[in-house]
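# Sequence first, predicted coordinates after that:
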Amino acid sequence: MTNRRNRPELPQATRALDRLKYEVADELGLADDIAERGWGEMTTREVGLIGGNMVKKMVRFAEQEMAARDTTNQPK
């Protein structure tokens, strides 16, 4: 069942988030399972592992972006 409230804040980010989801699944060795069984047959633990790792990557990306902005905005 699809949760209709689970939408990206920016609709134009949907494709990038899907790519990230598959990238993380591949890194975790779950890509073959997804291809065989489909997302609907993945366990809660597997999907949660993918989602948790996606969040870690997004936080890391945001921290890098903030650090880069902070260094470019420093007075000289």
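Happy to help now that I have it.

# Now stretch 32-40 - C-alpha only, PDB.
The C-alpha coordinates for stretch 32-40 follow below in PDB (Å, rounded to 0.1, in the frame of the first residue of the first chain):
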ATOM      1  CA  ASP A  32      18.900  -8.300  -6.900                       C
ATOM      2  CA  ASP A  33      16.200  -9.000  -4.300                       C
ATOM      3  CA  ILE A  34      14.300  -6.000  -5.400                       C
ATOM      4  CA  ALA A  35      14.600  -7.100  -9.000                       C
ATOM      5  CA  GLU A  36      13.400 -10.600  -8.200                       C
ATOM      6  CA  ARG A  37      10.700  -9.900  -5.600                       C
ATOM      7  CA  GLY A  38       9.800  -6.200  -6.200                       C
ATOM      8  CA  TRP A  39       9.400  -3.500  -3.600                       C
ATOM      9  CA  GLY A  40       6.100  -4.800  -2.300                       C
END
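
# Give me the residues contacting stretch 49-57.
With contact meaning Cβ atoms under 8 Å, 6 or more residues apart in numbering, stretch 49-57 is reached by 17, 20-21, 24-25, 27-28, 30. Any C-beta I mention is one placed from the backbone N, CA and C, and that applies to glycine too.

# Sticking with the most centrally placed residue in the chain, tell me its helix or strand.
Closest residue to the average C-alpha location of the chain: M54 at 3.2 Å, with Cα atoms, centre = their mean. In the assignment (DSSP states H and E), M54 maps to helix 44-72.

# That helix: which residues count as buried?
Using 16 or more other Cβ atoms under 10 Å as the test for burial, helix 44-72 gives 46-47, 49-50, 53-54.

# now, among those, which is nearest to P8?
M54 (11.8 Å; Cβ to Cβ).

# still on that earlier bit, from the contacts of stretch 49-57, list the buried ones, please.
Applying 16+ other Cβ under 10 Å to the contacts of stretch 49-57 flags 20-21, 24-25, 30 as buried.
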